[in-house]
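Trainee: This is a predicted model, with the sequence first.
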Amino acid sequence: MKTNKHIIYQTFPRLFGNYTKNPVKNGSIEENGCGKFNSYTKKALDSIKELGVTHIWYTGVIAHATCTDYTAYGLPRNHHAIVKGEAGSPYAIRDYYDVDPDLAENIPNRMIEFEELIKRTHDAGMKVIIDFVPNHVSRAYHSVMKPSYIDDLGQHDRTELAFSPSNNFYYLPGQHLELHFRAQEEDFEYSEFPAKITGNDCFTACPGVNDWYETIKLNYGINYLDGGSERFDPVPNTWNKMLDVLLFWLEKDIDGFRCDMAEMVPVEFWGWAIPRVKSRKNVIFIAEIYNPDRYKEYIRTGHFDYLYDKVEAYNILRDIICRKLPTTRITQYWQTYENIKEHILFFLENHDEQRIASDFFAGNAQAGIPGLAFMATFDIHPFMIYNGQELGEKGMDEEGFSGKDGRTSIFDYWSMDSIRRWANNGLFDGKLLDKEQRRLRELYKNILNVAKDEKAISLGSFYGLAYCNKNNPYFPLEQMMSYFRKYENELIIVFINFDDREHHFRLKIPKNAFDILQIPDNTAITAKELLSGEECICSLTHACPFEGTISAQSAKILKFNY
């Protein structure tokens, strides 16, 4: 069935295919192992697709700085001082034209192994998204694998100039980089002269431990040193180099780019580059962006298909799940973004955020089910989950560079207990999952497939029921919400309970709902609860409330065919 609803599964290959049972803190790749492209077998991909997934975002594919030594394969060694963790950050790109050697079974054939993964993913009926990291690169960036006709980043920079529109980097002439907080782990100190500007717009030769000290910022023609004057004509050298990178990966037959820290790159670049890429292939572009005031600009001027909504939707849902906000707060939110709602990408977990089941978030995975059901069903926008979320991964390991913070490390060689159990050494039969993990995965599977396959959700209109139940003691809006989704003769009503108690509710439905949705008032009809498969005979009418019972921290999705 064709659908407008994208369900994205973010997966981190380094961790996903790593089945090491007892990894050690700060362990090397030899000690802790590493997942591979080949870990995504046909069985693994089929199992992911069962969740309703339409797109897989393979995170950390492009070669990045690492402490692992690959000099035997002709790759430069990276100094420990500019690598976070043993494995390194996947956002400290070492070579835009290479895949990470950690992820290959046969390192010289690493690109072929990735291309085979793309084909397997397509054969399994899903599309491929990879990261594009345009704002910054590793301090030790040097492309070994670039095409011969392309100059390397910084190759022709005039390093005596702090800024030039033809330079790829920003410089601090006459100053040495100083990393005083780093322990000496090499026989010699890391040297950088002149110092380059650090990736998080840190314009000093002494970045701190909380800065992105392992990265350097790319120059897109904005002179931050004089207050931010723009030099976009002629087109800056970096623009052309980044377009070359995008087109290189496009030729690998990928289907989309998740653009890291997109708002730190001028919107004019995106407005110039994205149409040029899409003229070759209609891939999707997703912007990581944290400033809601710029959402419309990055959609309309920047030509992005989808934007992260961490600051608004994620933060609000998190506080509702943790009982810090009433559910009515999300009602106010969705009215704000009525004109761009189809461009908003929703999520409750990703590699940057704390796990729902962690001690730092909800403490149990079930608490996230109401938020999952809401984000997946309330509109036609895409929705994303992070590998292990569907299994209740807790993220409470202390992996090394990443401490016990409720997140799954992106810096260390590690493995996830929940994925390990599900994978069962590559069988992907789930036999090692406990009862609660199996139940949770089945819930995710049911909710996400309903969101993808039901036309009333993936294509239909929305009618909220909060306004007419404001003073209804039998439907407490602090913990519950309900709304209609409608497409042609199909009607769905969603009930969501964020409370940790069961509720017997009586929901008021206004008369104009029947007029607007064009459904009969008080007609007995068979309704099917889509998550359980149970059927019942019932009717909807404005004359009396619709009654039902809903379990704690759960959702019900009733479908009527008129």
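Mentor: On my side now, so go ahead. It should be emphasised that the depicted structure is a prediction, and the values quoted were computed from it without experimental measurement. Numbering: from 1, shown residues only.
Trainee: what helix or strand is the residue nearest the centre of the chain on?
Mentor: What sits nearest the mean C-alpha location of the chain, by Cα atoms, centre = their mean, is residue 350, with 5.0 Å. For residue 350, there is no helix or strand it lies in under DSSP states H and E.
Trainee: Next up, phi/psi of the nearest residue to it once chain neighbours are set aside, please.
Mentor: Nearest residue to residue 350, sequence neighbours excluded (Cβ to Cβ, 6 or more residues apart in numbering): residue 386, at 5.1 Å. Yep, even glycine has a C-beta here, placed from its N, CA and C like the rest. With angles defined as degrees, to the nearest 10, residue 386 sits at phi -110, psi 140.
Trainee: Just the pLDDT at residue 386, thanks.
Mentor: As predicted, residue 386 sits at a pLDDT of 98.
Trainee: How about residue 351?
Mentor: Note on residue 351: pLDDT of 98.
Trainee: go on, residue 45?
Mentor: Value for residue 45, per-residue pLDDT: 98.
Trainee: pLDDT below threshold where in this structure?
Mentor: For the chain, applying pLDDT under 70 flags the ranges 1-3, 182-184.
Trainee: Could I get the full set of helices for it?
Mentor: Remark: helices assigned in the chain by DSSP state H are 13-16, 29-32, 42-49, 110-123, 237-250, 267-278, 295-300, 315-321, 328-336, 369-377, 417-423, 435-453, 455-458, 511-517.
Trainee: Kindly state which of those is positioned closest to residue 66.
Mentor: Checking these against residue 66 by Cβ to Cβ gives helix 29-32 as the closest, at 8.5 Å.
Trainee: could I have that closest one exported to CSV, CA atoms only?
Mentor: Provided in CSV are the C-alpha atoms of helix 29-32 (Å, rounded to 0.1, in the frame of the first residue of the first chain):
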residue,chain,number,x,y,z
ILE,A,29,37.7,-2.5,19.2
GLU,A,30,39.7,-5.7,19.9
GLU,A,31,38.3,-5.9,23.4
ASN,A,32,34.7,-4.8,22.8
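Trainee: which helices and strands sit right next to it?
Mentor: Helix 29-32 is packed against no helix or strand, with contacts defined by 3 or more Cβ pairs under 8 Å, 6 or more residues apart in numbering; DSSP states H and E.
Trainee: List the buried residues in that helix.
Mentor: Buried residues in helix 29-32, counting neighbours by 16 or more other Cβ atoms under 10 Å, are found at 29, 32.
Trainee: same question, stretch 447-456
Mentor: 447-452, 454-456.
Trainee: how about JSON lines for those residues, with distance to residue 317 added?
Mentor: Output for these, formatted as JSON lines (distance: Cβ to Cβ, whole Å):
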{"residue": "447", "distance to residue 317": "15"}
{"residue": "448", "distance to residue 317": "16"}
{"residue": "449", "distance to residue 317": "21"}
{"residue": "450", "distance to residue 317": "19"}
{"residue": "451", "distance to residue 317": "15"}
{"residue": "452", "distance to residue 317": "20"}
{"residue": "454", "distance to residue 317": "21"}
{"residue": "455", "distance to residue 317": "25"}
{"residue": "456", "distance to residue 317": "22"}
